[in-house]
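A.B. asks: what shape does this take:
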Amino acid sequence: MEKKLRFNSKTIHGGQQHDPAYGAVMPPIYQTSTYAQTTPGGHKGFEYSRTHNPTRQALEKSLASIENGTHGLAFGSGLAAIDAVLKLLQPGDEVISTNDLYGGSYRLFTKIFEGFGIKFHFVGMDHVQSVEDAINSNTKLIWVETPTNPMMNVVDIKAVSAIAKKHTILLAVDNTFASPYLQQPLDLGADIVMHSATKYIGGHSDVVLGALIVNDDDLAERLYFIQNASGAVCGPMDSFLTLRGIKTLHVRMQRHSENGRKVAEYLNNHPKIEKVFWPGFESHPNHHIAKAQMKDFGGMLSFIPKGADFKAAIKIIESLKVFTLAESLGGVESLAGHPASMTHASIPKEEREKSGVVDSLIRLSVGIEDAQDLIDDLEQAIG
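C.D. replies: Okay, here's the model as predicted:
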């Protein structure tokens, strides 16, 4: 039955079953660290909650279902999930990564794993030839974000997958900005999908959680071992909240995408806005790829006001009333941020600006409020 379900039904039923004890429709919150055994090693499938927990297992099955995967793993944060992927590598291995990725990923790569002998190459993946050009005999992983944070560049997952398979290299895709509703990288050839489930998957700005989804049994076994051995798992309450969020993912993403389009078009026609970065515009360099591999274009966008500098951008953000100035994204409420001083502050200024993250850039996470209220808020803030 599961394979016949379409996406909207999978968010409700995918990988789920009613609780066998009392028939609870929603998986109970198993707020326990350990489980009774009848004899040493004799238990009902659970012995310690770092290794397995019924609530987390229900979430992991749901995550696998909505990404068309066979194995899901839930972590304490998106960065904990990325950390587990990088622990597949050995000193001397090399990674090719998107050059305008999330600042936290960049920090983890350069400040932690470079110290353990892993080398990283940051390239503009909107041209896939740059990926092939960066490959050498030590390349073991290609790390893709698409759309990228915050420049909204689009990477052709299928084309990068062909390159990765040609050279027997793992391909991991950070699918946070798109969510499984808009894009399913495993179907396009990725080996690993990563989510900061804090964002669209959870959807309510009330939980921090990360996820990995894979199809390969051996790869899943290696990642499960790392998850258990390193211990960066999420708790049962966070698992429950995220699973609850998944059940409305499809309806939320429809509104995020509708509102994102309206806000992007408003800004694009505004006389005081120099540039809007949103993959739904036909003028976007890789719009044709976004159109082919995404169901819609989402609620994330960035823009640069005309003639603005750091202070002018900050003034606009601080003047917003409906948009909230805050870190993160993907919640039901609209958020505004300043990448250069917030999400991407850990990237050196020179490196940031190479990829377009200038001091005047403003990033919006468009929520599910009334679109006209969001437009009116931007109008009064931009002036």
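A.B. asks: tell me which residue is most central in this protein.
C.D. replies: For the chain, the residue nearest the mean C-alpha position is T176 (1.5 Å; CA atoms, centre = their mean).
A.B. asks: and the residue nearest to that one when sequence neighbours are not counted, how many neighbours?
C.D. replies: Closest residue to T176 apart from its sequence neighbours, by CB to CB, 6 or more residues apart in numbering: S196 at 4.6 Å. (Glycine included, C-beta is placed from N, CA and C.) Applying other CB atoms under 10 Å, we find 30 residues neighbouring S196.
A.B. asks: bridged to S196, which residues?
C.D. replies: G210 (DSSP bridges).
A.B. asks: ok, it - contacts?
C.D. replies: Contact analysis of S196 by CB atoms under 8 Å, 6 or more residues apart in numbering lists S77, G78, L79, A81, D174, T176, L209, G210.
A.B. asks: tell me the two of those residues that are most distant?
C.D. replies: D174 and L209 (14.6 Å; CB to CB).
A.B. asks: show me the domain layout of this structure.
C.D. replies: As assigned by automatic domain parsing, the chain contains the domains 2-246, 249-382.
A.B. asks: is it true that the residue nearest to the centre of the chain touches S328?
C.D. replies: No: here T176 lies out of contact with S328, judged by CB atoms under 8 Å, at a distance of 10.5 Å.
A.B. asks: what do the two both touch?
C.D. replies: Residues within reach of T176 and of S328 at once, by CB under 8 Å, 6+ apart, are K199.
A.B. asks: how about the strands in the stretch 251-383 of the chain?
C.D. replies: 273-277, 300-305, 324-325, 335-337, 362-365 (DSSP state E, counting those that start in this stretch).
A.B. asks: which of the ones you listed is buried the deepest?
C.D. replies: strand 362-365 (a mean of 26; mean count of other CB atoms under 10 Å).
A.B. asks: sheet-wise, list the partners of it with their directions.
C.D. replies: Strand 362-365 is paired, per DSSP bridges, with strand 300-305 (antiparallel), strand 335-337 (antiparallel).
A.B. asks: would you list the ones you listed in JSON lines and tack on distance to I375?
C.D. replies: JSON lines is the format used below for those (distance: least, CB to CB, whole Å):
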{"stretch": "strand 300-305", "distance to I375": "13"}
{"stretch": "strand 335-337", "distance to I375": "14"}
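A.B. asks: just put those in CSV and tack on distance to I66 and mean pLDDT.
C.D. replies: Formatted as CSV, the strands paired with strand 362-365 follow (distance: least, CB to CB, whole Å; pLDDT from 0 to 100):
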stretch, distance to I66, mean pLDDT
strand 300-305, 19, 98
strand 335-337, 23, 97
